[in-house]
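Asker: turn this into a model:
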Amino acid sequence: MTSLTDVPAPAKLNLFLHVTGRRPDGYHLLQSVFMLVDWCDTLHFELRRDGGISREDLSIELPDDDLVVRSARALQQRTGTTLGAHIAVEKKIPAQAGMGGGSSDAASCLLALNRLWGLGLPASTLADIGLSLGADVPFFLSGGAAWVEGIGEQITPIDVPAARFCVLKPTEGLETAKIFASPLLKRNSETATISGFAANPFGFGHNDLQPVAEQLCPAISEALAWLSQQGLDGRMTGSGSAVFAVLPSGVPAPAFLPSPPWQARICSNLEAHPLKGWAS
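Answerer: Numbers count the residues shown, from 1 in each chain. Below is the predicted model:
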């Protein structure tokens with residue numbers, strides 16, 4: 001095998017996000033449900049036998065040392081392989097949106113290079129490498145929707161009903177660090193249970209980051225107001241500026257979506273990651 005093309009890297013939505021505490025090292029303890037949706041980046045891989053790692057940007061320009069490059073190098077370092085790759089990245093998932101685009105790219109890169117380089121690493125090893133790159137990366141290696149706890153490393157697969165979602169990303173992005181640094185952030189939500197979530201999956205809980213995020217980025221409030229005007233109950237996903245609302249069964253999608261430079265899509269959740277089974 002010398003190439004792998006059209007490798008998908010799907011985005012995620014957080015159906016809720018509670019901050020339940022903080023560790024002595026400063027990391028926040030979270031509870032959330034992560035769900036994959038069909039808003040995807042696409043990666044292409046060509047084998048390099050000289051050990052080099054190179055990247056080509058097919059849409060927007062990415063930082064030189066982005067998570068794709070870092071994940072490839074981390075895999076090389078863990079295994080000692082002498083092989084390399086040229087990686088072409090077509091970005092569709094918005095940056096600083098809270099949709100996990102960079103983490104998903106890293107996970108798909110690990111899965112693809114594990115196959116392209118013939119390494120045969122199990123998913124657990126890839127998840128260990130992924131956690132060193134970012135707290136969300138192991139989720140994208142887990143295969144589907146999950147109940148996520150701790151700092152993101154405690155992952156329990158769960159089922160989430162099929163549904164459609166209206167997802168909006170305002171022009172402005174939002175840096176995760178600014179939210180978690182705020183003294184106004186609520187850090188003591190009560191511990192939730194999977195059974196409580198299962199009783200009302202699309203109406204459960206809240207996003208503890210949202211009040212602070214709206215202060216830092218007023219465009220989030222504007223996006224939520226637009227959803228409300230359509231009769232939809234919106235909330236922020238993750239720690240970025242994107243918001244979403246479930247479209248109740250039988251309710252048509254809005255007749256129009258906000259125009260660029262906002263990014264807007266009607267998404268469906270995915271029953272499983274498109275690359276599920278690529279590592280044992």
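Asker: now do the SS call for the nearest residue to Thr156 once chain neighbours are set aside.
Answerer: In space, and not counting its chain neighbours, Thr156 is closest to Trp147: 4.3 Å by CB to CB, 6 or more residues apart in numbering. Any C-beta I mention is one placed from the backbone N, CA and C, and that applies to glycine too. Following DSSP: H, G, I helix; E, B strand; the rest coil, Trp147 is assigned to strand.
Asker: bridged to Trp147, which residues?
Answerer: On DSSP bridges, the residues paired with Trp147 through beta bridges are Val33, Thr156.
Asker: I'd say it and Phe139 touch.
Answerer: No. Taking CB atoms under 8 Å as the definition, Trp147 is not a contact partner of Phe139, at 10.3 Å.
Asker: residues contacting the residue nearest to Thr156?
Answerer: Counting by CB atoms under 8 Å, 6 or more residues apart in numbering, Trp147 touches Gln31, Ser32, Val33, Ile155, Thr156, Pro157, Ile158, Ile194, Phe197.
Asker: from Arg115, how far off is the residue of the chain most remote from its centre?
Answerer: Distance from the centre of the chain peaks at Asp50, with 31.8 Å (CA atoms, centre = their mean). Using CB to CB, to the nearest Å, we find Asp50 at a distance of 20 Å from Arg115.
Asker: with Cys267 instead?
Answerer: The value you get for Cys267 to Arg115, if CB to CB is used, is 27 Å.
Asker: what about the two, which has more around it?
Answerer: Each of Cys267 and Arg115 has its neighbours counted (other CB atoms under 10 Å); Cys267 has more, 22 against 18.
Asker: run a quick neighbour tally on the nearest residue to the residue farthest from the centre of the chain once chain neighbours are set aside.
Answerer: With CB to CB, 6+ apart as the criterion, Asp50 has its nearest non-adjacent residue at 6.0 Å, and that residue is Gly84. Gly84: 20 surrounding residues under other CB under 10 Å.
Asker: thought Gly84 was touching Arg49?
Answerer: Yes. At 7.3 Å, Gly84 counts as touching Arg49 under the criterion of CB under 8 Å.
Asker: ok so, going back, got phi/psi on the residue farthest from the centre of the chain?
Answerer: Backbone torsions for Asp50, taken as degrees, to the nearest 10, come to phi -90, psi 0.
Asker: next one: the one 3 residues further on
Answerer: Reported as degrees, to the nearest 10, the phi and psi values for Ile53 are phi -120, psi 120.
Asker: noted, bye for now.
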